[in-house]
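1. Could you look at this predicted model? Sequence included:
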Amino acid sequence: MALSRIRAFVGVAAVALASAAPAAAVTKELGVIGGFNFSNLRIEGQSGLDARSAFAIGGVFDVGFNDRFGVRIEPVYLKSGADATNRNAYWGSMDGAEFKFDYIGVPVLARYDFGTNDKRNPYLLGGFGFNFAVDQKVELSQGNDRATVDFSDVLNPLDITVDVGGGVSFPAGANRWGVDGRLAFGLTNINDGGTVTFNGAPLAVPNTSTKSFAGRIFVSYLFKL
């Protein structure tokens, strides 16, 4: 139900942008974006988890409604997760758990430009990220035993985040560069709980509240349409 509502929202937003842009937009831009995603998990009652860092890459569609306000949609491929050691996370019996989650993220962000001068333009970003799971695996270790376990049956395939950030753009002829930093705070408890298989035996996964958190550094290049 939640997934169908999100899809409907994204569809309505896309139609609204398409219909509003010809009448109000002063700019339409399409480009590429890439950088680093530094992710972690907020697991209820746990601390000391190590972050996972990885490259992120995707595209950007930017509609400016005037010289200050605009909206960006940025489909990106993200590697997320965390690394837990020290009798970690959900189980006292496991020595380590490396959470390896891959997502197709679709941030929908409002943009506010300060328009300082022709050489640089600081901006703020804020909105929601809709992250659809591609892979949800956890590498578990117990003594000499180690195995990568598929957790897709016990984890929510949709992670909704609140995304905020800011950066600076620079002109490049008719196009422009952008460099920014973001924070993404997970709203969704991605752990539904259940049972997985570790080394041929069932392993119960408690439904402990688990939410994502990420810091991102991105560089974008936008072409005017």
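-> Yep, that arrived. Numbering: from 1, shown residues only.
2. hey, where'd the strands end up in this structure?
-> 27-43, 50-64, 69-73, 76-84, 96-113, 121-142, 145-150, 158-172, 175-186, 194-198, 201-205, 210-224 (DSSP state E).
3. how close does residue 178 get to residue 217?
-> Computed as C-beta to C-beta, to the nearest Å, the residue 178 to residue 217 distance reads 12 Å. Where you see a C-beta, it was placed from the backbone N, CA and C, and this is true even at glycine.
4. I meant residue 59, not that one.
-> From residue 59 to residue 217 the distance is 17 Å (C-beta to C-beta).
5. ok, residue 55 touching residue 35?
-> Yes: taking contacts as C-beta atoms under 8 Å, residue 55 lies within contact range of residue 35: 7.5 Å.
6. who's more crowded, those two?
-> Per other C-beta atoms under 10 Å, whichever of residue 55 and residue 35 has more neighbours is residue 35, with 18 against 11.
7. list the contacts for the more buried one?
-> Applying C-beta atoms under 8 Å, 6 or more residues apart in numbering to residue 35 gives the contacts 55-56, 216-219.
8. Quickly list what residue 105 is bridged to.
-> residue 76, residue 131 (DSSP bridges).
9. And for it, the neighbour number?
-> Other residues close to residue 105 by other C-beta under 10 Å number 23.
10. list the contacts for it?
-> By C-beta under 8 Å, 6+ apart, the contact list for residue 105 reads 58, 74-78, 129-132.
11. For stretch 148-168, which residues meet the burial criterion?
-> 149, 151, 154-156, 158-161, 163, 165, 167 (16 or more other C-beta atoms under 10 Å).
12. ok now stretch 37-48, how far from the chain's centre?
-> 15 Å (C-alpha atoms, centre = their mean, to the nearest Å).
13. contacts for that stretch?
-> For stretch 37-48, the external contacting residues (C-beta under 8 Å, 6+ apart) are 49-56, 78-82, 84, 86, 88-90, 99, 101, 186, 208-216.
14. From the residues you listed, list the buried ones, please.
-> 49, 51-52, 56, 78-82, 84, 88-90, 99, 101, 186, 210-216.
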